[in-house]
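Participant: sequence and predicted model, in that order:
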Amino acid sequence: MSEPTPSPALPSPAPGPEASPETRSSWRDLPVEQQIDSWETAVPGSAARMLRQVEADYEHRRWLDRVEVRFRMFGAVLGGTGIIGVFWLTKHLVDHDAPAFAAGVFGASVAAFAGLVLRSDRRRGQ
């Protein structure tokens, strides 16, 4: 039994104005240097513009990360303040002879905070 001979690999045509959409290779198939050369050939100055856009996108993502950290810190401070307020209100009610009302306020607050922390619709890992 003879083994089939492998077919020779056909070189893909370089993308450009003369290449049809059916035969054009993907930009991901090209090395970075060839991509830049292709961009510059198609539109002079486009490679520099694209690199500036990549740098701007990187700086924007860094800014968004810093904003997210600030929002998380604000949320932690706000949540801590709310918990301290509930404890203070509960102690105040107990000190003024309203333990049943204090238990209701404390229980409802714990349930509300637990619902906020444990809600299942939070986006994770994004």
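Facilitator: Done, it's in. What you are looking at is a predicted structure, and each value in this text was computed from that prediction instead of being measured. Residues are numbered from 1 along each chain as shown.
Participant: for the longest helix that the chain contains, enumerate the helices and strands it packs against.
Facilitator: Longest helix of the chain, by residue count under DSSP state H: helix 46-95. Under the contact criterion of 3 or more Cβ pairs under 8 Å, 6 or more residues apart in numbering; DSSP states H and E, helix 46-95 touches helix 32-42, helix 99-118. Just so you know, the C-beta spots here come from the backbone N, C-alpha and C atoms, and that holds for glycine as well.
Participant: what angle separates it from helix 32-42?
Facilitator: 110 degrees (axes from the mean of the first three to the mean of the last three Cα atoms, to 10 degrees).
Participant: for this protein, what helix or strand is lowest in average pLDDT?
Facilitator: Every helix and strand of the chain was ranked by mean pLDDT, DSSP states H and E. The lowest is helix 32-42, at a mean of 81.
Participant: and it, what other elements does it pack with?
Facilitator: When contacts are defined as 3+ Cβ pairs under 8 Å, 6+ apart, helix 32-42 packs onto helix 46-95.
Participant: coming back round to it: just put the helices and strands packed on helix 46-95 in a markdown table and tack on distance to residue 83 and mean neighbour count.
Facilitator: Listed next are the helices and strands packed on helix 46-95 as a markdown table, based on distance: least, Cβ to Cβ, whole Å; neighbours: other Cβ atoms under 10 Å:
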| stretch | distance to residue 83 | mean neighbour count |
| --- | --- | --- |
| helix 32-42 | 52 | 13 |
| helix 99-118 | 7 | 12 |
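Participant: could you dump those helices to JSON lines with distance to residue 84?
Facilitator: Formatted as JSON lines, those follow (distance: least, Cβ to Cβ, whole Å):
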{"stretch": "helix 32-42", "distance to residue 84": "55"}
{"stretch": "helix 99-118", "distance to residue 84": "11"}
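Participant: related to what we said a few turns ago, alpha carbons only: can I get the least confident helix or strand of the chain in CSV?
Facilitator: The C-alpha coordinates for helix 32-42 follow below in CSV (Å, rounded to 0.1, in the frame of the first residue of the first chain):
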residue,chain,number,x,y,z
VAL,A,32,4.2,42.4,11.7
GLU,A,33,6.8,43.9,9.3
GLN,A,34,4.8,42.8,6.3
GLN,A,35,1.6,44.2,7.8
ILE,A,36,3.3,47.6,8.3
ASP,A,37,4.7,47.6,4.8
SER,A,38,1.2,46.7,3.4
TRP,A,39,-0.4,49.5,5.4
GLU,A,40,2.2,52.0,4.3
THR,A,41,1.8,50.9,0.6
ALA,A,42,-2.0,51.2,0.8
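Participant: fine by me, we can end here.
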